[in-house]
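**Student:** sequence and predicted structure, then a few things I'm wondering about:
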Amino acid sequence: MSFDDIIDDVETYLKYIKEEGTSVLEVERSTLDAMGRVPVNDENMKTVVEEISKCTKCSLSETRKNTVPGQGNPSPEILFIGEAPGADEDAQGLAFVGRAGQLLAKMIEAMGFTRDEVFIANILKCRPPENRKPSPDEMSVCISYLKRQIALLKPKVIVALGSTAVHGLVESDLKISELRGNWTEFEGIKLMPTFHPSYLLRNPPGAKKKVWEDLQEVLRHLGRKAPAK
Ligand code: URA
């Protein structure tokens, strides 16, 4: 029996039981999970985002205007992760919407994606005052939200932008300049460390070229090519 015949038979059977009055189907949770239909524990992005919006686990909740959970495609090929929201992100509740975000959008477009086709998030969900670096305590209380999001998003590749993003997810003493361009993994998901767009905005010699090489390696892994300019 061919695969198409099996699909036809299943379809005929489902139509038949529907006509006979069946309106609810019992399906094993593991089957639904394998189909990517529901998370194993009924968690979904909305519940995570709601929890983030009410979070008071650290003092950043006292100074934030908005939480910034991250946004984009709920089943992305690529998840970009930055450090923490800045002033623009805090004002709008959206990740990477300021100057660094505009550069990130250009990088995403050069790869042949739109912002909406990928997911963009940060290690921290709230802005540190004066855009200071996140403290280890802030990172350790906040990271569980991102980890839960990653479990839901199931991206094919994570691009970690800058040292905080990599060190938030991967145990390493190496600097971003040593880590970048070399694949590592987060919970079985390929992770490519590269420089943060804010660093690129300072125009360090050769850094843009290196980031582009890293992003092209990501495309190679996905079996894609950057569109011609
Ligand atoms: N820098 C980040 O790391 N994240 C943002 O969302 C904006 C700037």
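**Tutor:** Now that the structure is in, tell me what you want to look at.
**Student:** quick one: pLDDT of residue 26?
**Tutor:** As summarised for this prediction, residue 26 has a pLDDT of 69.
**Student:** now do residue 3
**Tutor:** Note for residue 3: predicted pLDDT of 73.
**Student:** OK, contacts around it?
**Tutor:** With contact taken as Cβ atoms under 8 Å, 6 or more residues apart in numbering, residue 3 is in contact with no other residue. Any C-beta I mention is one placed from the backbone N, CA and C, and that applies to glycine too.
**Student:** distance of it from the ligand?
**Tutor:** Summarising the geometry, the distance separating residue 3 from the ligand, computed by Cβ to the nearest ligand atom, to the nearest Å, is 45 Å.
**Student:** low-confidence ranges in this structure?
**Tutor:** 24, 26-41 (pLDDT under 70).
**Student:** now residue 147, what are its backbone angles?
**Tutor:** phi -60, psi -40 (degrees, to the nearest 10).
**Student:** can you give me the strands in the protein?
**Tutor:** Taking DSSP state E as the criterion, the chain contains strands spanning 71-72, 78-82, 119-122, 157-161, 184-186, 189-194.
**Student:** who in this structure is up against the ligand?
**Tutor:** Proximity of the chain to the ligand is confined to 82-86, 89, 95-96, 98, 100-101, 122, 198 under the rule Cβ under 6 Å from any ligand atom.
**Student:** out of those residues, who has the most neighbours?
**Tutor:** The most crowded member of the residues of the chain next to the ligand, judged by other Cβ atoms under 10 Å, is residue 85 (31 neighbours).
**Student:** hang on, it packs against residue 123?
**Tutor:** No. Under the criterion of Cβ atoms under 8 Å, residue 85 makes no contact with residue 123, lying 10.3 Å away.
**Student:** so residue 157 sits against residue 222, correct?
**Tutor:** Yes. A contact is recorded between residue 157 and residue 222 when judged using Cβ under 8 Å, the distance being 6.5 Å.
**Student:** report the set of residues contacting both of those two.
**Tutor:** Residues touching both residue 157 and residue 222 comprise 77, 78, with contact defined as Cβ under 8 Å, 6+ apart.
**Student:** who has more neighbours out of those two?
**Tutor:** With neighbours defined as other Cβ under 10 Å, residue 157 and residue 222 compare such that residue 157 has more, 20 against 16.
**Student:** dump the residue contacts of the more buried one.
**Tutor:** Under the criterion of Cβ under 8 Å, 6+ apart, the contact list for residue 157 reads 77, 78, 79, 189, 190, 191, 192, 218, 221, 222.
**Student:** go on, residue 189?
**Tutor:** Listed by Cβ under 8 Å, 6+ apart, the contact set of residue 189 reads 150, 154, 155, 156, 157, 158.
**Student:** burial measure for the third one, as a count.
**Tutor:** Read it as residue 155. Residue 155 has 23 nearby residues by other Cβ under 10 Å.
**Student:** go ahead and confirm it touches residue 81.
**Tutor:** No. Counting by Cβ under 8 Å, residue 155 stays clear of residue 81, with 9.8 Å between them.
**Student:** what subset of the contacts of residue 157 is buried?
**Tutor:** Neighbour counting by 16 or more other Cβ atoms under 10 Å classes 77, 78, 79, 189, 190, 191, 192, 218, 222 among the contacts of residue 157 as buried.
**Student:** quick check, nearest of these to the ligand?
**Tutor:** residue 79 (13.4 Å; Cβ to the nearest ligand atom).
**Student:** nearest residue to that closest one in space, please, no chain neighbours.
**Tutor:** Counting by Cβ to Cβ, 6 or more residues apart in numbering, residue 155 is the residue found nearest to residue 79 once chain neighbours are left out, at 3.8 Å.
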